[in-house]
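Asks: Whatever this is, show me its structure:
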Amino acid sequence: MIKSRIAEILRSSQPDETLTVQSWVRTKRELKGFAFLEVNDGSCLANLQIVINQDLPDYENILKQINTGASVEIEGVLVASQGKGQRVELQAKIVKVYGDADPEKYPLQKKRHSFEFLRNIAHLRSRTNSFGAVFRVRNACANAIHQFFQQRGFMWVHTPILTASDCEGAGELFNVTSLNLKDVPRTEDKEIDYSQDFFGKPTYLTVSGQLEAEIMAMAFSNVYTFGPTFRAENSNTSRHLAEFWMVEPEMAFCDLEGDMDLAEEFLKHIFKYVMETCREDMEFFNLRIDKTVIETAENIINNQFERLTYTDAVKLLEKADVKFDYPVSWGADLQSEHERYLAEQLFKKPVIVTDYPAQIKAFYMRLSDDEKTVRAMDILAPKIGEIIGGSQREERLDVLERRVLAQGMNPEDLWWYLDLRRYGSVPHAGFGLGFERLVQFMTGMGNIRDVIPFPRTPQSAEF
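Replies: This next block holds a predicted model:
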């Protein structure tokens, strides 16, 4: 028995082929003497139509078991379809029902459900058209990321999930402990006695694999991470998740210009790959979710990104004939409304902003000669704002030590990171891409919780 995926059947199979499909029933329509099923196996957006004639053994009993949501295996002969909108259909010869679904209880009936409702049944929502398309695009994005870096000789490195360092210095960390929370050991000063904890010190879920990726870049030149990261940020918004995936390349012997070049090439590659491999899904998003999705993708692929300094960006924003909710001034971080104005209204394409004020950026970013700015860059995209953030890293030991102290951090906690500047330090650079933000941007989905299978948010850790 040769099992066939529906995507392949619809793409290239020909009439008179005998095929077997294993799938889930989307709809059933009974007529006199025969019935139509629409089935889907997740391989593509389109369903395959099945025709079951009444001469099938045990016809009546089988039809009673088949309802929306049931899982079936159907062997039959492919024939040219008589209906509109489909090239072929399958004439069933053998039907096996693996699992039925009570039509009175199955929550996914043939009607539109709100995304809010579907979040409550995340164990079933992948069977809908919208989420099937989202997760196929997500898969294609992940494949494109690995393809991009592997073709360029980058090594994929697996950085720790558990860490004792706060890469960003933001303090929004999930603590990990084996201590008995009902009887927490205390020191004489009434502080938590972490010496009795599993690792002997405070430990957290990682917010970034960047610092460890820098270690590996100092041996392998070009590396990238792609894994889960965590932020204990109590933000119940459509843009935040507590658990999300990050892509973080690090390149030795690289400056900010090389960093920007790679990041632009990277985004173009992903969008081009998805448009080539998930065209049907992207057209679905363009029709049902956001009518500018394909236009946005083509804007990314076909335009050279605009590049300007933070100082010039602030000047442009100050001159803008727009009333911003947040005032613009040199030294303040750009807000999403500022970023979107630059990308959407002013330049109408992605923008790379460089050389941000040192006081609003992380300690590891290379201090510029003016000692007021750092060699940082953000890529701002229409409709979403910042999508990539990166920098040239500070390779000078004395400057890095000064920056660590200035941000109130303990150099002893970063002894290993400082060692990289003592032994064979080189100019190096990298960037970070929030994977879910990329998928959200690409699909036009309004809420980031709808582009990850099982969203982790404040007060919600279901599934």
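Asks: Could you name the helices and strands sitting against the helix or strand harbouring residue 76?
Replies: Element membership for residue 76, per DSSP states H and E: strand 71-80. Contact here means 3 or more Cβ pairs under 8 Å, 6 or more residues apart in numbering; DSSP states H and E; on that basis strand 71-80 packs against strand 18-31, strand 34-40, strand 48-53, strand 88-99. From N, CA and C alone the C-beta is placed, and that goes for glycine too.
Asks: Where does the closest residue to residue 275 other than its chain neighbours sit, in terms of helix or strand?
Replies: Nearest residue to residue 275, sequence neighbours excluded (Cβ to Cβ, 6 or more residues apart in numbering): residue 297, at 5.5 Å. Taking DSSP H and E as the definition, residue 297 sits inside helix 293-302.
Asks: Would you mind writing the CA trace of that helix as CSV?
Replies: C-alpha atoms of helix 293-302 as CSV (Å, rounded to 0.1, in the frame of the first residue of the first chain):
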residue,chain,number,x,y,z
VAL,A,293,0.8,40.3,2.8
ILE,A,294,2.1,39.5,-0.7
GLU,A,295,2.8,43.2,-1.4
THR,A,296,4.8,43.4,1.8
ALA,A,297,6.8,40.2,1.0
GLU,A,298,7.6,41.6,-2.5
ASN,A,299,8.7,44.9,-0.9
ILE,A,300,11.2,43.0,1.3
ILE,A,301,12.5,40.9,-1.5
ASN,A,302,12.8,43.6,-4.2
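Asks: Would you indicate which residues of that helix are buried?
Replies: Residues of helix 293-302 classed as buried: 293, 294, 296, 297, 299, 300 (neighbour count, 16 or more other Cβ atoms under 10 Å).
Asks: got it, and stretch 207-224?
Replies: 207-218, 221-224.
Asks: Narrow those residues to those in strands?
Replies: Taking DSSP state E, the ones among the buried residues of stretch 207-224 that sit in strands are 222, 223, 224.
Asks: Now distance to residue 160 and pLDDT too, for the residues you listed, in TSV please.
Replies: What follows is those, written out as TSV (distance: Cβ to Cβ, whole Å; pLDDT from 0 to 100):
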residue	distance to residue 160	pLDDT
222	20	98
223	14	98
224	16	98
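Asks: Tell me the one of those nearest residue 412?
Replies: residue 223 (26.1 Å; Cβ to Cβ).
Asks: I'd say that closest one and residue 157 touch.
Replies: Yes. Counting by Cβ atoms under 8 Å, residue 223 does reach residue 157; the two are 4.8 Å apart.
Asks: Please identify every residue contacting each of the two.
Replies: Both residue 223 and residue 157 are in contact with 213, 216, where contact means Cβ atoms under 8 Å, 6 or more residues apart in numbering.
Asks: Can you list the strands that the strand holding residue 76 pairs with?
Replies: strand 18-31 (antiparallel), strand 88-99 (antiparallel) (DSSP bridges).
Asks: got the angle for the last one vs strand 48-53?
Replies: Okay, so that is strand 88-99. 80 degrees (axes from the mean of the first three to the mean of the last three Cα atoms, to 10 degrees).
Asks: Tell me the buried residues in strand 88-99?
Replies: 88, 89, 90, 92, 95, 97.
Asks: Could you do the longest one as well?
Replies: Of the residues in strand 18-31, those with enough neighbours to count as buried (16+ other Cβ under 10 Å) are 19, 20, 21, 22, 23, 24, 25, 26, 28.
Asks: of the buried residues of stretch 207-224, closest to residue 54?
Replies: residue 224 (57.7 Å).
Asks: Give me the nearest residue to that closest one, chain neighbours excluded.
Replies: residue 249 (4.1 Å).
Asks: Isn't that neighbour up against residue 429?
Replies: No. Counting by Cβ under 8 Å, residue 249 stays clear of residue 429, with 9.1 Å between them.
Asks: quick one on the thing from earlier: export the helices and strands packed on strand 71-80 to JSON lines and tack on mean pLDDT and distance to residue 276?
Replies: Below are these laid out as JSON lines (pLDDT from 0 to 100; distance: least, Cβ to Cβ, whole Å):
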{"stretch": "strand 18-31", "mean pLDDT": "96", "distance to residue 276": "25"}
{"stretch": "strand 34-40", "mean pLDDT": "96", "distance to residue 276": "22"}
{"stretch": "strand 48-53", "mean pLDDT": "97", "distance to residue 276": "23"}
{"stretch": "strand 88-99", "mean pLDDT": "96", "distance to residue 276": "24"}
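Asks: looking at those, which is closest to residue 367?
Replies: So among the helices and strands packed on strand 71-80, strand 34-40 is nearest, using Cβ to Cβ, at 55.1 Å.
Asks: List the buried residues in the closest one.
Replies: 34, 35, 37, 38, 39, 40.
Asks: Please report how far the fifth one lies from residue 163.
Replies: What that stands for is residue 39. From residue 39 across to residue 163, the span is 46 Å (Cβ to Cβ, to the nearest Å).
Asks: Next: residue 70.
Replies: 46 Å.
Asks: and what of residue 348?
Replies: For residue 348 relative to residue 163 (Cβ to Cβ), the value is 40 Å.
Asks: residue boundaries of the helices in the stretch 201-350 of the chain?
Replies: Assigned by DSSP state H, counting those that start in this stretch, the stretch 201-350 of the chain shows helices spanning 210-220, 256-277, 279-288, 293-302, 310-319, 336-340.
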